[in-house]
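Q: Sequence first, then the predicted structure:
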Amino acid sequence: MSDLGKLETEILAAIAASADEAALENVRIGALGKKGSISALLATLGKMAPDERKTQGAAINAVKDKVTEALTARRDVLKSAALDARLASETVDVTLPVRESAAEQGRIHPLSQVMDELTAIFADMGFAIAEGPDIETDDYNFTKLNFPEGHPARDMHDTFFFNPKPDGSRLLLRTHTSPVQVRAMLAQKPPIRIIAPGRTYRIDSDATHTPQFHQVEGLVIDKGSHLGHLKWILAEFCKAFFEVDNVNMRFRPSFFPFTEPSLEVDIQCRRDKGEIRFGEGEDWLEILGCGMVHPNVLRNCGIDPDVYQGFAWGMGIDRIAMLKYGIADLRQMFEGDVRWLNHYGFKPLEVPTLAGGLST
Ligand code: DAH
């Protein structure tokens with residue numbers, strides 16, 4: 001083989017063997033660069049006799065064309081291989097779930113969610129939100145609510161008392177939200193229409209009792225308020241809260257010192273494989289106490305019972321939260337376990353409204 005033929009074979013082999021574009025560029029410089037092997041051959045043409053130059057020139061240029069062509073072809077191959085490799089290494093699986101931003105990762109505790117839900121429902125019916133302190137006086141928690149001194153109903157409340165003051169009076173952790181009724185009646189003139197959700201405390205702990213729990217109190221005082229109104233309000237609340245079309249309720253006679261008559265309300269339900277369904281079935285479930293406000297309570301709070309009358313109720317929020325969201329043990333609500341909260345909690349931007357759906 002001629003020297004030129006050998007050179008051509010060598011260069012074409014080097015081109016084919018180039019593994020990437022940088023290696024290929026080195027081959028190009030070695031052949032066609034200023035000091036390249038083919039360039040060097042072309043430089044010898046000037047010193048040749050015209051005949052020789054004609055044949056040699058054509059031969060060298062033919063090699064140069066072949067090499068140039070091979071370089072271009074190889075560069076195309078390497079370029080698309082590099083692109084394929086990059087695409088493979090940078091693939092994005094668009095079907096993977098989107099990672100939540102930090103602001104969306106937190107969860108609203110089911111109790112907070114339920115408080116927001118019931119506030120939305122009662123606000124829609126025209127109730128204002130009232131509040132009172134967790135640390136109450138014996139007077140507001142018991143006496144003004146018609147619990148006479150020494151009455152056994154006081155003992156039923158398993159009260160956390162603070163140490164007595166020098167004058168003998170004692171503060172306590174409120175055992176129910178009913179003292180907020182007293183505060184509302186002392187602060188406002190009728191008509192009064194309030195609900196008071198909040199913390200309450202009793203010395204008690206098992207699967208359905210925790211020393212700190214939550215109630216929502218309701219109070220309506222006006223000239224013509226009667227039990228029929230109360231019944232309608234509670235039925236509408238239950239339908240809206242449990243998101244069902246029909247709730248059957250049962251009113252049972254009961255006793256509370258601050259109401260006369262006093263009633264307890266059960267809702268009809270069916271318990272099925274650990275699930276509870278409302279508006280059907282054979283079971284009854286107690287959810288609240290209620291009644292017409294006792295004339296003594298009105299009088300104790302500066303309202304004339306011959307002019308005004310009203311009704312009130314107190315409902316266990318933890319209880320209805322457990323029922324609605326299928327939470328088996330009340331104590332879990334207070335353990336602060338992030339896994340539990342991730343499971344039972346709600347997305348922070350999904351604020352319950354009646355129009356938008358409470359728990360969707
Ligand atoms: N305060 C009562 C309790 O904790 C519940 C209750 C019953 C509240 C009747 C009321 C009511 O307002 O009218 O056991």
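A: That came in fine, so what should we check first?

Q: how many neighbours does residue 77 have?
A: Residue 77 has 13 neighbouring residues, counting by other Cβ atoms under 10 Å. Every residue, glycine included, has its C-beta placed from N, CA and C.

Q: residues contacting it?
A: Counting by Cβ atoms under 8 Å, 6 or more residues apart in numbering, residue 77 touches no other residue.

Q: Now it: which helix or strand?
A: helix 50-89 (DSSP states H and E).

Q: do residue 253 as well
A: Using DSSP H and E, residue 253 falls in strand 249-254.

Q: In the stretch 151-300 of the chain, which residue sits nearest the ligand?
A: residue 289 (2.8 Å; Cβ to the nearest ligand atom).

Q: Ramachandran coordinates for that residue?
A: The phi/psi pair for residue 289 (degrees, to the nearest 10) reads phi -110, psi 150.

Q: if we can go back for a sec, how about the strand holding residue 253 and the ligand, touching?
A: No - applying Cβ under 6 Å from any ligand atom, one finds strand 249-254 out of contact with the ligand, separated by at least 7.9 Å.

Q: How about stretch 192-211?
A: No - using Cβ under 6 Å from any ligand atom, stretch 192-211 never reaches the ligand; the gap is at least 7.1 Å.

Q: how long is that stretch end to end?
A: 31 Å (Cα to Cα, to the nearest Å).

Q: cool, stretch 343-353 as well?
A: 22 Å.

Q: Pull the distance from it to the chain's centre.
A: When C-alpha coordinates are averaged (Cα atoms, centre = their mean, to the nearest Å), stretch 343-353 and its chain have centres 4 Å apart.

Q: And the average pLDDT for that stretch is what?
A: If you average the pLDDT over stretch 343-353, you get 84.

Q: what does it rub up against?
A: Identification of contacts with stretch 343-353 by Cβ under 8 Å, 6+ apart yields 103-104, 106-110, 113, 116-117, 120, 325, 327, 358-360.

Q: For the chain, spot the helix or strand the model is least confident about on average.
A: strand 275-278 (a mean of 66; mean pLDDT, DSSP states H and E).

Q: returning to what we had before: and the strand holding residue 253, what's buried?
A: Within strand 249-254, the residues that count as buried by 16 or more other Cβ atoms under 10 Å are residue 251.
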